[in-house]
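Asks: Sharing a sequence plus its predicted fold:
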Amino acid sequence: MFVLGIDPGLSVTGYGLVEGTYPPRAHHAGVIRTDTNASTPQRLVELYQGLTDVIADSKPDVVALETVFTNRNLQTAISVGRASGVAILVAAEAGLQVFEYVPTTIKSAVTGDGSANKDQVQQMVTRLLRLAGPPKPADAADALAIALCHLRAAPLEASR
């Protein structure tokens, strides 16, 4: 199974493709950056086009993404929600099933601790995927963590 993990954001959206072998194997990861000087609708179009290209190139079996969580900054939560909607739309258009996970579930699946910090998540992603160094930027590492989370949760999802 190939899982495309997506860490949605309006400015930067991370993505990472992980193959569910043992051990799991990262195929590629990166980020889509939108033009911060562009209007929100134009940035959403840029994100749509970028994610469409990523899915066409990587041909995942499923998509997993971090669910929108309440943030102290309402504007940040709204922009992440918009980016998440675009990611879900692109996956649905490609005929892919979408799974969403809350941040604490992702952190727990990768590190064993739902309150782990970003450095701990990056370190465990590096170890679990046997990478030479931590994935950069952090958004790409988070996307790989989301894909790993789904690989751990998939057997449970299948039994429902």
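Replies: Ah, there it is.
Asks: CA atoms for contacts and neighbours, from now on please.
Replies: Will do.
Asks: what about the strands in this protein?
Replies: For the chain, strands defined by DSSP state E occupy the ranges 2-7, 12-19, 25-33, 62-66, 97-101.
Asks: and the last one with strand 62-66, angle?
Replies: Looking back up the chat, that one is strand 97-101. Angle of strand 97-101 versus strand 62-66, following axes from the mean of the first three to the mean of the last three CA atoms, to 10 degrees, is 20 degrees.
Asks: And strand 97-101, what's buried?
Replies: Val98, Phe99, Glu100, Tyr101 (16 or more other CA atoms under 10 Å).
Asks: Redo the strands of the chain as TSV? Include mean pLDDT and distance to Lys136.
Replies: Converted to TSV, the strands of the chain look like this (pLDDT from 0 to 100; distance: least, CA to CA, whole Å):
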stretch	mean pLDDT	distance to Lys136
strand 2-7	98	13
strand 12-19	98	10
strand 25-33	96	8
strand 62-66	97	18
strand 97-101	97	22
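Asks: got the ones you listed as TSV, with distance to Arg152 columns?
Replies: TSV is the format used below for the strands of the chain (distance: least, CA to CA, whole Å):
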stretch	distance to Arg152
strand 2-7	11
strand 12-19	12
strand 25-33	14
strand 62-66	12
strand 97-101	12
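Asks: Contact partners for Gly81?
Replies: Val68 (CA atoms under 8 Å, 6 or more residues apart in numbering).
Asks: So for Leu144, which of the strands of the chain sits nearest?
Replies: strand 12-19 (4.8 Å; CA to CA).
Asks: hang on, the earlier thing: just the strands of the chain: most buried one?
Replies: For those, the largest average neighbour count (mean count of other CA atoms under 10 Å) is found in strand 2-7, namely a mean of 28.
Asks: ok and it relative to strand 25-33, angle-wise?
Replies: Using the same axes, to 10 degrees: strand 2-7 against strand 25-33 is 30 degrees.
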